[in-house]
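S.K.: 3D model of this:
(one chain, ligands or ions: 1)
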Amino acid sequence: MNTVVSEFTKTHLELVENERNYEVEQSQALISGLVPTHLQRLGFALVGLRVTNTRTGLGGKTMMTLEAAVVGEPLPPTSLRSGDIVGLCAPGSHKPSKQAEKKDPAAQLSGVVTLVSESKIVVAVGGDDGEIPEDWHERCTVKKLANDITYKRIIHALKDLTAVKERPALHTVLFSDVDPRFEAGTMVDDDGFFDSSLNDSQKKAVRLAVSAHDIALIHGPPGTGKTHTIVEVIRQLAARNQRVLVCGPSNVSVDNLVERLGRIRGLPIVRLGHPARILPAAVAHSLDSQTKYSDAGELVRDVRKELDDTLAKVPKCKRSAERRALYGQIRELRKEYRVREAKVVDHTIGGSRVVLATLSGAASRDLVKNKGKFDVVVIDEATQAMEGECWIAALQAPKLILAGDHQQLPPTIKSMDARESKSKEDGDKALGSSCDLLETTLFERVRTKFGDTVCCMLTTQYRMHADIMKVSSERLYEGRLIADTSVAAHLLSDLECVTATDDTESPLVFIDTASSEMRESAESSDITDTATSNRQVKQLGDSDSKLNTGEAELTVQHVDRLIAAGVPAVDIAVISPYNAQVRLLKSMIREKYPEVEIGSVDGFQGREKEAVVLSMVRSNDTKEIGFLSDYRRINVAITRARRHLCVIGDSETVSVRDPFLKALFKHLEQAADLRYPDQV
Ligand SMILES: Nc1ncnc2c1ncn2[C@@H]1O[C@H](COP(=O)(O)OP(=O)(O)OP(=O)(O)O)[C@@H](O)[C@H]1O
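M.R.: Numbers count the residues shown, from 1 in each chain. Okay, here's the model as predicted:
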């Protein structure tokens, strides 16, 4: 079996390295090719800042607050967000630090953004690299840097997987012909569920997951209560004295679970991860908060105060010898702080039955020290993570539970377009199939290998009107998805303050633009701000994004009608598979209705709204539909709506080639309120 594992990791390592290089090259080309003022205009840098405050954060990091150099002036608009990795340097400086030089030669320090507000940005700068040059109290620049940490962690995990000496049964099941095992003795009795509202398929999934010896899958189509079910699984495992590591590919997926688990009394949980990336509702359970405010945290509070007091003396100190002495003290205090903090962290993690982190965060030093101390790893949204990413967490326990839906979008492989076109150009089939391999998730691989023996599908959905879910159920979920009675017939007109109109009484509206003149076009330069931002869009692989102005106008009119009928703007989402159309729609809707959410289909996965307007965009003579042909994208698009879905598209272009789209348009023609542009 070791040979199989070695071959597997070798192929994946190569693919992940390629993906990492591609992403780093892309962002470096953008970031290092432009001067900071230009980057600032694009939202990737802030120039003319000054350091106004420093204090100590988790891990002994220096939290630097930066404000506009002109006192009281707001920061310019920026796309820098909490969690971004940034480089800091004096204007025009080219003196590299060891840590930052690989990423940006002009950066002197690098850190993580922890807060961005109208007037300030806070950056956490790592340990001993946190010595702040004197002139930064007057002028300094912050620039976004490429972030390849997750890739490095995947690469590390794959190497660790190769090196495992005593393989648990989980590895045997995943890499050889051994079948998964289930232990009947651990079965949950009918009256043994904590949550009495669970439906039959959810109970079945909980039983499968709890009784699995090595692996189980929970397949959760849209709105079927996958998270609900995972919470019960975790409670059942904790009640059996098992320690559980719970992960997801994104911070949102983890915090969703933190929020729900945090409400359960008597279940000690801790959320690992950079506080800047944790959602406010989950912050109280973060390791940072627990080390700060728990009784055990007393141990570090004194040193933290002394460190902060010493840091505060630095800007006031004019002589460099005195500054050097202060930095010497700071270094010693940091060392002491880290030793004490490590004890508190071990105590907090060790005392928690359930530990939560992103998949990438599962590589945290604090967790790796805990290696082997978990009984089960649970991964939510596992169909949105590359297999290598899952292994960062999966190495930590002998049992793995994966939850997800392989009929929705897989993880984004950024080098995919480049690889696919190169594969076509060179006729290199191997390159093409390597894309597929990287896109194949661990969930999908296990489901294909073992089918229903390891996988339980949740079949009652609590989101969509029955007409909205019909095509997805029939074509992708074997016709087994049923709408719960609480949602099966619900309409916008049932909402308080919404009047009954043709729109609010129809769960499905289809505006067919076929035989109109509403044709797609390529994005022109006047849609984006500057010539450079067009180039940036191209560099980010969005060069041939399409838009359709006619459809955009119909979309705005439909939103106008919904709002006039009393549908709250916050309950409406406008989505499109094409980023260029999203940009156009934002420029037309944002000002009028700031609360209407406008985004790409891919960005809306995992979300829901009462009303969704979907603009399909494609309309051409050759029936080209580009990436609309990925049925998973269309499945995500049409399953976001609870009570009302309005599809705007050209049936003659979109419904011709792809079987899923054909079925969707047939259903729309039969079941939707069908309209034509000149009648709306
Ligand atoms: N057994 C149940 N009885 C009643 N309502 C339920 C039940 N299970 C889930 N729900 C409701 O269904 C909705 C979706 O649940 P949840 O967020 O757990 O689903 P999910 O499958 O994780 O969602 P997504 O489709 O976004 O992945 C929630 O409003 C939840 O309260």
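S.K.: Please count neighbours and contacts with C-alpha atoms only from this point.
M.R.: OK.
S.K.: Could you check how far the spatially most central residue of the chain is from V377?
M.R.: Residue closest to the mean C-alpha point of the chain, counted by Cα atoms, centre = their mean, is S250 at 3.7 Å. Spatial separation of S250 from V377 under the definition Cα to Cα, to the nearest Å is 16 Å.
S.K.: Also A68?
M.R.: According to Cα to Cα, A68 and V377 sit 45 Å apart.
S.K.: what's around the residue nearest to G361 when sequence neighbours are not counted, how many residues?
M.R.: On the basis of Cα to Cα, 6 or more residues apart in numbering, the spatially nearest residue to G361 that is not a chain neighbour turns out to be G273, at 6.0 Å. Counted by other Cα atoms under 10 Å, the residues lying close to G273 total 19.
S.K.: pretty sure G273 is touching S360, no?
M.R.: No: using Cα atoms under 8 Å as the test, G273 is too far from S360 to be in contact (9.3 Å).
S.K.: what residues do the two have in common as contacts?
M.R.: Between them, G273 and S360 have no joint contacts when contacts are counted by Cα atoms under 8 Å, 6 or more residues apart in numbering.
S.K.: Quick check, pLDDT for the residue nearest to the centre of the chain.
M.R.: Taken from the predicted model, the pLDDT recorded for S250 is 90.
S.K.: Surely it touches T358?
M.R.: Yes: taking Cα under 8 Å as the contact criterion, S250 and T358 are neighbours in contact, 5.9 Å apart.
S.K.: near the ligand, which residues of the stretch 351-500 of the chain show up?
M.R.: For the stretch 351-500 of the chain, the contact set with the ligand under Cα under 6 Å from any ligand atom comprises Y462.
S.K.: Residues of the stretch 501-650 of the chain that sit close to the ligand?
M.R.: The stretch 501-650 of the chain comes close to the ligand at residues G606, R607, as judged by Cα under 6 Å from any ligand atom.
S.K.: Where does the prediction get shaky in the stretch 501-650 of the chain?
M.R.: Regions of the stretch 501-650 of the chain meeting the criterion pLDDT under 70 cover residues 524-544.
S.K.: How about it: which residue is closest to the ligand?
M.R.: As assessed by Cα to the nearest ligand atom, the ligand sits closest to G606 within the stretch 501-650 of the chain, at 4.1 Å.
S.K.: lowest average confidence, helix or strand, in the protein?
M.R.: The weakest-scoring helix or strand in the chain, judged by mean pLDDT, DSSP states H and E, is helix 531-539 (a mean of 39).
S.K.: Can you name the element that comes right after that one?
M.R.: Towards the C-terminus, the helix or strand next in line after helix 531-539, according to DSSP states H and E, is strand 546-547.
S.K.: what's next to the helix or strand just after that following strand, contact-wise?
M.R.: Secondary structure here is assigned by DSSP H and E; on that basis, the next helix or strand after strand 546-547 toward the C-terminus is helix 549-564. Outside helix 549-564, the residues within contact range by Cα under 8 Å, 6+ apart are 503-504, 513, 517-520, 569, 572, 574, 581, 584-585, 588-589, 613-615, 617, 648-649, 677.
S.K.: hmm, which of those are the buried ones?
M.R.: Buried subset of those (neighbour count, 16 or more other Cα atoms under 10 Å): 503-504, 513, 518-520, 569, 572, 574, 581, 584-585, 589, 613-615, 617, 648-649, 677.
S.K.: from those, which ones fall inside strands?
M.R.: Within these, residues falling in strands by DSSP state E are I572, V574, V613, L614, S615, I648, G649.
S.K.: now those as a markdown table including distance to V498?
M.R.: Converted to a markdown table, those look like this (distance: Cα to Cα, whole Å):
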| residue | distance to V498 |
| --- | --- |
| I572 | 13 |
| V574 | 19 |
| V613 | 17 |
| L614 | 21 |
| S615 | 24 |
| I648 | 23 |
| G649 | 26 |
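S.K.: Excluding covalently adjacent residues, which one is nearest to P76?
M.R.: Setting aside the residues directly before and after it, P76 is nearest to L46 in space (Cα to Cα, 6+ apart), at 7.5 Å.
S.K.: Sheet partners, orientation included, of the helix or strand hosting the one you found?
M.R.: Under the criterion DSSP H and E, the helix or strand holding L46 is strand 45-56. When sheet partners are counted by DSSP bridges, strand 45-56 sits next to strand 62-68 (antiparallel), strand 140-144 (antiparallel).
S.K.: Do me a favour and average the pLDDT over the shortest one.
M.R.: Here strand 140-144 scores 89 as its mean pLDDT.
S.K.: Quick one: neighbours of A672, just the number.
M.R.: Applying other Cα under 10 Å, we find 21 residues neighbouring A672.
S.K.: ok, it - contacts?
M.R.: S506, P507, L508, V509, F510.
S.K.: and the first one, backbone torsions?
M.R.: In this case it means S506. phi -110, psi 120 (degrees, to the nearest 10).
S.K.: Report the contact partners of it.
M.R.: In this structure, S506 makes contact with L491, H644, A672, D673, judged by Cα under 8 Å, 6+ apart.
S.K.: do the same with the second one
M.R.: For P507, the contact set (Cα under 8 Å, 6+ apart) comprises H465, D467, I468, L491, L492, R643, H644, L645, A672.
S.K.: again, only this time at 7 Å
M.R.: H465, D467, I468, L491, R643, H644, L645 (Cα atoms under 7 Å, 6 or more residues apart in numbering).
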